[in-house]
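Student: Fold the stuff below for me.
(one chain, ligands or ions: 1)
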Amino acid sequence: MDFGLRDMSASQAIRDLQGAPPAHGGRKILHVDMDAFFASVEQRDNPDLRGKPVAVGGSRERGVVAAASYEARKFGVRSAMPSVTAQRLCPSLIFVPPRFDVYREVSAQIRAIFAEYTPLIEPLSLDEAYLDVTENLKGLTYATQVAKEVRRRIFETTGLTASAGVSFNKFLAKMASDQNKPNGMFVITPDMGAAFVETLPVGRFHGIGPATARKMNELGIFTGADLRRQTLPFLQERFGKVGTHYYWISRGIDNRAVCPDRVRKSVGAENTFSVDLMEIEDMRAELVPIVDKVWKYCDGTGVRGRTVTLKVKYADFQQITRSRSMSDEIESKDIIRSLSDELLEGIFPLEKGVRLLGVTLSGLNTETDESEEEESPQLSLGL
Ligand SMILES: [Mg+2]
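Tutor: The predicted model follows:
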C-alpha cells in the first residue's frame, strides 16, 4: 500500500475543523518490535527452553519478570509481574537469569539493519524502534515492503522474529505492531486511523498508563470514541499538557517526529508531597517508591547506570541536586536506595521544609560516544 499524499482526506478534514497543528503529511512510519525479546533470545540459545514457559528475571522473593515467552503468556504471565505471582500462575515456569550483554548485542544487530533503510530511527528500548521510512535509503515505494524486508532480514541475521506496525504516524504504528503479534504485521491506513482508535479501550492506548486509564474510567471515558467526545479544554484541565496529546490521538492524529538521537541519558522519578517534609524518616520512606519506580524500568529494559542523583526541592522552590557515582554499573535496587539515603543525609540539618524528592540514574549503558547533545532527554516516570 502507498502512503503518498493520496487520501489524507479524513484526517485532513478533521484538522481543518479543529485547527490541528500542521501535519507531517503523507509520512510512512514503522514500529518494529521484537517478539518476547529476552525470552526469545534465551530460547534461541538454549534448545532445552524451546516450546516451554520461560520467564527471564529473578525467581527470588522480590524478583520481577522482565520478559515471558509466549508459552508462559498463555498462563497469564506478563512482564513486570512479581516472580512469585508468575510462578503461582504457571507452576512449570522456568526462570532464566537475564543476559543483558547478549540482548544489547542483538539489539545492535537489529539497529544496523534498520540503518540500511533509514537514518531516522528512534529506539524505544533494546527491542523496539520507530522508523521513518518516507524517504527510505532503498527507494522502496511501499512502507509495507520495507517492513517485510526488515523483518525478514532480522530473522535471517538473528534467528528471531519481529512484528511490525505500518502507519502514517508514530501512535498508530505503535498500536498496529501489537495487532498481529507474534511474527506479524498490520497496516493502518489514513482511512482507517480514526475508526481503529474508536473501539480501542483507553487502557490499551500507548501513552495512557493504568493510573490514567483508571482516572479516565472514573470520568466515564472507556474507549477511543469516549475520549474523542471530550473537549480540548476539558482534557487539558483534567490531564494537563498531555491532555492535548490525548485529544489528538483519539482522532488518530499524532504529528510527533521520529527523533533519531533520542538516546536516554537518564532514568528518573520524583514525587511532590502534599505537605512539606522536615523529618529524615519521612523522606526515607518517600524515597522507597521513587527508587522502586526507577529500578522497575531498569529491570524491564536492562538499562543500568553508574550515577545516582538526588533532587531536592524546598518549600520555597529552591532546588538542589547531589550525586554519587560508582565505578561500575549499579546492579541492584538496594545500592540505588542506600546511595539515595546517603545523599539525603547530606542535606541535613534542614533550614526549610522539602516539597519534592527525586532520584535519577545516569551514566547509562545505553549511551554511545557520539551522543553529546546539551539537552539530555530524560525518561520521566510519573508517580
Ligand atoms: Mg517486544
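
Student: Show me what secondary structure element comes after the lowest-mean-pLDDT helix or strand in the chain.
Tutor: Within the chain, no helix or strand scores below helix 9-18, which has a mean of 40 by mean pLDDT, DSSP states H and E. Where DSSP states H and E defines the elements, the next helix or strand beyond helix 9-18 is strand 29-34.

Student: Listing partners with orientation, what would you give for that following strand?
Tutor: strand 128-132 (antiparallel), strand 162-167 (antiparallel) (DSSP bridges).

Student: With distance to the ion added, can I get those in TSV?
Tutor: C-betas here are computed from N, CA, C, even on glycine. Shown next, in TSV, are the strands paired with strand 29-34 (distance: least, Cβ to the ion, whole Å):
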stretch	distance to the ion
strand 128-132	5
strand 162-167	8
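
Student: of all these, which gets the most neighbours per residue?
Tutor: Neighbour counts (mean count of other Cβ atoms under 10 Å) averaged over each of the strands paired with strand 29-34 peak at strand 162-167, with a mean of 27.

Student: distance between that strand and the chain's centre?
Tutor: The chain centroid and the centroid of strand 162-167 are separated by 16 Å under Cα atoms, centre = their mean, to the nearest Å.

Student: Check which helix or strand the closest residue to L49 other than its chain neighbours maps to.
Tutor: Leaving aside its chain neighbours, L49 sits nearest to Q43 (4.6 Å; criterion: Cβ to Cβ, 6 or more residues apart in numbering). In this structure, Q43 sits in helix 37-45 according to DSSP H and E.

Student: Kindly report the domain assignment for this structure.
Tutor: For the chain, the domain assignment from automatic domain parsing gives the residue ranges 195-249, 266-382.

Student: Next to the ion, which bits of the stretch 101-250 of the chain? Give me the list.
Tutor: Counting by Cβ under 5 Å from the ion, the residues of the stretch 101-250 of the chain lying close to the ion are D127.

Student: May I have the residues that are in contact with the residue in the stretch 101-250 of the chain positioned nearest to the ion?
Tutor: Distance from the ion to each residue of the stretch 101-250 of the chain (Cβ to the ion) is smallest for D127, at 4.5 Å. The contact partners of D127, by Cβ atoms under 8 Å, 6 or more residues apart in numbering, come to D33, M34, F37, F38, Y103, S107, I110.

Student: Which residue ranges of the chain form helices?
Tutor: 9-18, 37-45, 70-73, 83-89, 100-115, 143-158, 170-177, 193-198, 210-218, 224-228, 232-239, 242-249, 280-301, 333-345 (DSSP state H).

Student: Now do the fourth one: everything it contacts.
Tutor: What that stands for is helix 83-89. Under Cβ under 8 Å, 6+ apart, the answer for helix 83-89 is 55, 57-61, 63-65, 68, 72, 75-78, 93, 95.

Student: could you dump it to CSV, C-alpha only?
Tutor: Extracted in CSV, the C-alpha atoms of helix 83-89 (Å, rounded to 0.1, in the frame of the first residue of the first chain):
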residue,chain,number,x,y,z
SER,A,83,8.0,-13.6,40.1
VAL,A,84,6.0,-15.2,42.9
THR,A,85,2.8,-14.4,41.1
ALA,A,86,4.1,-15.7,37.8
GLN,A,87,5.2,-19.0,39.5
ARG,A,88,1.7,-19.4,41.0
LEU,A,89,0.0,-18.9,37.7
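
Student: Run through the chain and note the low-pLDDT ranges.
Tutor: Applying pLDDT under 70 to the chain flags the ranges 1-25, 261-264, 366-383.

Student: now do 80
Tutor: Along the chain, segments meeting pLDDT under 80 span 1-25, 59-62, 261-265, 299-303, 365-383.

Student: still on that earlier bit, how near is the residue nearest to L49 to V56?
Tutor: 10 Å (Cβ to Cβ, to the nearest Å).

Student: And for N365?
Tutor: Shown here: N365 relative to V56, a distance of 17 Å by Cβ to Cβ.

Student: Counting neighbours, go ahead and name the busier of the two.
Tutor: V56 (27 against 14; other Cβ atoms under 10 Å).

Student: Spatially central residue for the chain, please.
Tutor: Centre of the chain computed as the mean C-alpha position; nearest residue by Cα atoms, centre = their mean is L124, 5.7 Å away.

Student: That one contacts Y130, correct?
Tutor: Yes. The pair L124 and Y130 qualifies as a contact (Cβ atoms under 8 Å) at a distance of 7.1 Å.

Student: if we can go back for a sec, now, which of the contacts of D127 sits nearest K174?
Tutor: Among these, D33 lies closest to K174 (Cβ to Cβ), at 8.3 Å.

Student: Identify the residues contacting the closest residue to the closest one other than its chain neighbours.
Tutor: Excluding the flanking residues, the one nearest D33 by Cβ to Cβ, 6+ apart is E128, at 4.1 Å. By Cβ under 8 Å, 6+ apart, the residues touching E128 are H31, V32, D33, M34, S177.
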